[in-house]
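Peer 1: curious how this folds, go ahead:
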Amino acid sequence: MSVSAASVSAGRAKRVVSDSFAMRLLAWYDREKRSLPWREDSSAYRTLVSELMLQQTVVATVIPFFQRFCARFPSVQALADAREDEVLEAWSGLGYYRRARHLHAAARAIVGNHGGLIPCDEVTLRSLPGVGPYTAAAVAAIAFGERAFALDGNAGRVMARLSGEREAPLRPAARQRLHAFGLRRVPTERAGDFAQAVMELGATVCTPTSPSCERCPVRAGCVALEEGLVGAIPAVPPRKEPPKVRVACLRIEDEEGRIWLERRGPGLLAGTLAMPMEALESDEVATTGALRLWQRLGGKVRTEARSSRLSSSLSSLSFSSLGSVRHVFTHRDVTAEVLLVRWRAPKGASPAGDGRWCAPQNSASWGGGVSTFTRKTLSLEPAGRVAPTLRKTRQPPQVKQ
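Peer 2: Numbering: from 1, shown residues only. Here you go, the predicted model:
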């Protein structure tokens, strides 16, 4: 047999293996797939929204947020026309607010640069704000049937066990191998269903712990199963504990009992409404940081006509400790010391900066995103006062399912 003939034969053999794999997986998916709102009423826009929401967040948490978000912003145009604070408000409680800002920016880019039509190919999709390799491949495959392989945590785990990949999928070289391994198995037809079937398999059968190998439709040929390494694959690098951070938060109340919430700038909780906060040194007293905050917020006040200095001096201030709350973000473990201070200023004046007075009893009227962390800080009330009931939210877990 000639070299060229041997190459053709090998190629055909690979296609047969790929087709057999896809047929078994898709047959299982047709029987077992979950009913999810972005599957039942699918569109390129709803696929894009769902994929961004599902980053680092479980399906059960995403579903109600997805439904409310799409009801409020039913199209790319509607989302592009919205103000950022409206988008953050609709996202409020889902966490990882950078995703919301990226989605909003992507919608505006789609309207401004692509005539309101979501691009159908991976390369162009990756030019949109916040759209990385996984999201681009997922949207291209699911919404447009492009032959692409979406490698997320679930897909990476499935492909690592099938191929016997020993390195951690987070390593670039391992990711390249797993992506190539998965892409070779994507069928020319039903590429979108194949992408969702791999995700579904990883979420419901090939789970991180206690996988149900007996229920797996592609267990034949799984290297990890054959070699008794299912529990060891994929390799998980040692998890680094997030650094511990202390901050002082000021609960500034005016004479009407309203609380001043500021719009956060770049960094932690960017774009959301929160109590003014100041980072503390490890051994620093919270009131010291509170004084720095007051100098920033209370040294000058905003009035309708001009900025002017407060008549009261810093020495006349009285900070009352309301306690502390702890919140673990993805990259930091934050303990917030919350201090109460009364706002005494000329009528119509407010702290300097971008913010608003908010009635704690009516959180629905605040507008803008309010994080779970901020809701925790707001739950600390002065002694003798009952905390208002704020809409409860669930902090998104770190593993997508």
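Peer 1: now do the end-to-end distance for stretch 143-153.
Peer 2: End-to-end span of stretch 143-153 (CA to CA, to the nearest Å): 20 Å.
Peer 1: residues in contact with it?
Peer 2: Outside stretch 143-153, the residues that touch it by CB atoms under 8 Å, 6 or more residues apart in numbering are 42-44, 47-48, 118, 120-122, 133-138, 140-141, 155, 159, 169, 175, 178-179, 182-183, 185-188, 190-192, 195, 198-199, 202, 399-400. C-beta coordinates here come from the backbone N, C-alpha and C atoms, glycine included.
Peer 1: just the strands from the stretch 301-401 of the chain, written as ranges.
Peer 2: 307-309, 320-328, 333-342, 350-351, 355-358 (DSSP state E, counting those that start in this stretch).
Peer 1: mean pLDDT for those strands: which is lowest?
Peer 2: In terms of average pLDDT, strand 307-309 trails the rest of those, at a mean of 43.
Peer 1: any idea how far the residue nearest to Ala140 when sequence neighbours are not counted lies from Gly156?
Peer 2: Once flanking residues are discounted, Ala140 sits nearest to Glu146: 3.9 Å by CB to CB, 6 or more residues apart in numbering. According to CB to CB, to the nearest Å, Glu146 stands 20 Å off from Gly156.
Peer 1: now do the same for Arg302: its pLDDT.
Peer 2: pLDDT, Arg302: 39.
Peer 1: ok, the one 4 residues further on next?
Peer 2: The model reports Arg306 with a pLDDT of 39.
Peer 1: what's opposite Ala279 in the beta bridge?
Peer 2: Judged by DSSP bridges, the bridge partners of Ala279 are Val247.
Peer 1: ok, Arg108 - contacts?
Peer 2: Here Arg108 is in contact with Ala80 (CB under 8 Å, 6+ apart).
Peer 1: so Leu297 makes contact with Pro351?
Peer 2: Yes: under the criterion of CB atoms under 8 Å, Leu297 makes contact with Pro351 at 3.9 Å.
Peer 1: overlap in contacts of the two?
Peer 2: Each of Ile252, Trp260, Glu262, Pro276 lies in contact with both Leu297 and Pro351 under the rule CB under 8 Å, 6+ apart.
Peer 1: now these in JSON lines, with neighbour count?
Peer 2: Below are the shared contacts of Leu297 and Pro351 laid out as JSON lines (neighbours: other CB atoms under 10 Å):
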{"residue": "Ile252", "neighbour count": "25"}
{"residue": "Trp260", "neighbour count": "22"}
{"residue": "Glu262", "neighbour count": "20"}
{"residue": "Pro276", "neighbour count": "22"}
